[in-house]
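Enquirer: Sequence below, structure please.
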Amino acid sequence: MAVYPVASVGELPEGTYRIIQVEDRSIGLYNVKGEYYAIHNYCPHQGAELCKGPVCGTTLESQVYEYIYGREQEIVRCPWHGWEFDLKTGKSLFSEKVRVRSYPVVVENGTIGVVIGR
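Expert: The predicted model follows:
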């Protein structure tokens, strides 16, 4: 496994993201409430650039006729068909079988690095 330095912490303020290229992979790098996460920029549904979709929250489990909104800044929604994925894990919100690849992120000496396995 190799760590690829991709940005400094000052370049990615809380609530922002950027799309980076690492080893011919397009990856979305996100700052979610001060924590950094990286996911593959490819929706498994039909190949859209997933990381160009909005970062948002979602409705949480609730009673009938009750709508509770939560997980603000933790969900990315595909710009083509609205499939939603957890930025922290890459898991979809609608099926345990569908996910997008996530990558470990490390911060050392003010530099954000993405870990890519060979």
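
Enquirer: Could you give the average pLDDT over whichever strand or helix holds Arg71?
Expert: Here Arg71, judged by DSSP states H and E, is contained in strand 68-77. Regarding strand 68-77, the rounded mean pLDDT is 92.

Enquirer: Please list the outside residues in contact with stretch 65-72.
Expert: By CB atoms under 8 Å, 6 or more residues apart in numbering, the list of residues contacting stretch 65-72 from outside reads 56-62. Every residue, glycine included, has its C-beta placed from N, CA and C.

Enquirer: List the buried residues of that stretch.
Expert: The neighbour-count check on stretch 65-72 (16 or more other CB atoms under 10 Å) flags Arg71 as buried.

Enquirer: can you offset everything so residue one is 306?
Expert: Will do, 306 is the new start, and the previous item becomes stretch 370-377.

Enquirer: Tell me how far that stretch lies from the chain's centre.
Expert: Relative to its parent chain, stretch 370-377 has a centroid offset of 20 Å by CA atoms, centre = their mean, to the nearest Å.

Enquirer: go on, stretch 367-378?
Expert: In terms of CA atoms, centre = their mean, the centre of stretch 367-378 is found 21 Å from the chain centre.

Enquirer: ditto for stretch 349-357
Expert: Put simply, stretch 349-357 sits 12 Å off its chain's centre (CA atoms, centre = their mean).

Enquirer: Lovely, talk soon.
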